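Enquirer: got a structure for you, letters missing:
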């Protein structure tokens, strides 16, 4: 007899338009392998996700910049087609924030964790997160929210460049604006200029102390806070390799015991009363040795499948079991297990993995997405190269540009993995 109530389907919601969001595929596979019908509400027209045998149906997502009302209408339309209550799994920050706001309205059609409506938005907002950390006496990089370009420049000077500039609500950044969620800036002038784009960004700019990367500095914790508040289905992991190098999502991660960061995660979710799936990013400060919380993502991280234990429990399975009032199996951690995003770390994907490994795209029981990936990725890289050549600065131009960076990443050792071109910014959808 299956552990899962297979009468209850799962609906995966993703509002951002990233076609290479491997977390969505991971959730579809995990729940589909458990015998559940999986519906995906996302733009999958150019995504390998649609090739998965575990996706029962793809539904049209809300449009870019959709209001909460429009998101509710789209989800009610999907609910009518599914025709039975379903577990709803937001897969990006925009989705998590919207579902938090719409909890009461969606509850008749969807099973959802009981969480204060404003809490997911408060935690996903980078400025609000700084205030939360201050209130809980939780280590967090010193952060300034400037109210003018001059204030932004002054904050950069006082904190000491380089500094990290973040938009507080990155899910509001409009496509085609050229803005990135997080940027490493090297001068007060650059900080002031970036502040001048606030109207385009749609949210506040933060100037934040930069914690230098280093070996074993960057950690993440994934988990599911169940109805009782207990954290299940995840664990702590180290970022071994990122892309772009020292500045991006987790290309290679390893399940590694770390009692301190796990305790910080459990303390945070308990004190906030958070319920549901979460993904936290930490960086250890060389000066103090303390782990600073950098991000609280109130939804599954893209590499959540790293934490599949000996009972094959992960965070999305824990969510479904808990919300359908099924017992969660007791498994043991599989320390040393790795997760590899093979389009960013192709050579690592080919090396032996004695402790076990999961690939983001390729799977023996679901070959369609892996086959679809390389053709789509090749076209994506070609477009990026053509765009870069077209925009190349005139000969002799020397003006330095801000560098896009994920604060939560560390420089990885050179493993020989070198993707052909830098991908689009995937901050809002992955780690």
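Expert: Received the coordinates, thanks. All values reported here derive from a predicted model rather than from experimental measurement. Numbering: from 1, shown residues only.

Enquirer: buried ones in stretch 48-58?
Expert: 48-52, 54-56, 58 (16 or more other Cβ atoms under 10 Å). For glycine as for every other residue, the C-beta is placed from the backbone atoms N, C-alpha and C.

Enquirer: Of those residues, which is the nearest to residue 170?
Expert: Proximity of the buried residues of stretch 48-58 to residue 170 was ranked by Cβ to Cβ; the top entry is residue 49 with 21.8 Å.

Enquirer: Go ahead and confirm that closest one touches residue 41.
Expert: No - in this structure residue 49 lies outside contact range of residue 41 using Cβ atoms under 8 Å: 11.6 Å.

Enquirer: what do these two both touch?
Expert: residue 58 (Cβ atoms under 8 Å, 6 or more residues apart in numbering).

Enquirer: Give me the distance between residue 11 and residue 2.
Expert: Separation of residue 11 from residue 2 (Cβ to Cβ, to the nearest Å) stands at 19 Å.

Enquirer: Among these two, which residue is more densely surrounded?
Expert: Set side by side, residue 11 and residue 2 show more neighbours around residue 11, with 23 against 9, by other Cβ atoms under 10 Å.

Enquirer: need the contact list for that one.
Expert: Residues near residue 11 by Cβ under 8 Å, 6+ apart: 39-41, 75, 78-79, 82, 86-89, 110.

Enquirer: Make TSV out of those residues and add pLDDT and neighbour count.
Expert: Output for these, formatted as TSV (pLDDT from 0 to 100; neighbours: other Cβ atoms under 10 Å):
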residue	pLDDT	neighbour count
39	98	22
40	98	29
41	98	26
75	97	26
78	97	21
79	97	19
82	96	19
86	98	23
87	98	23
88	98	27
89	98	30
110	98	23
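
Enquirer: gap between the host helix or strand of residue 194 and the chain center?
Expert: Element membership for residue 194, per DSSP states H and E: helix 188-195. Counting by Cα atoms, centre = their mean, to the nearest Å, helix 188-195 is centred 27 Å from the centre of its parent chain.

Enquirer: Next, the buried residues of it.
Expert: Buried residues in helix 188-195, defined by neighbour count with 16+ other Cβ under 10 Å: 188, 190-192, 194-195.

Enquirer: right, and the helix or strand after it?
Expert: Tracing the chain C-terminally past helix 188-195 and defining elements by DSSP H and E, one meets helix 198-201 next.

Enquirer: tilt between the next helix or strand after that next one and helix 188-195?
Expert: Using DSSP H and E, the helix or strand that directly follows helix 198-201 along the chain is strand 205-209. Orientation of strand 205-209 against helix 188-195 (axes from the mean of the first three to the mean of the last three Cα atoms, to 10 degrees) gives an angle of 150 degrees.
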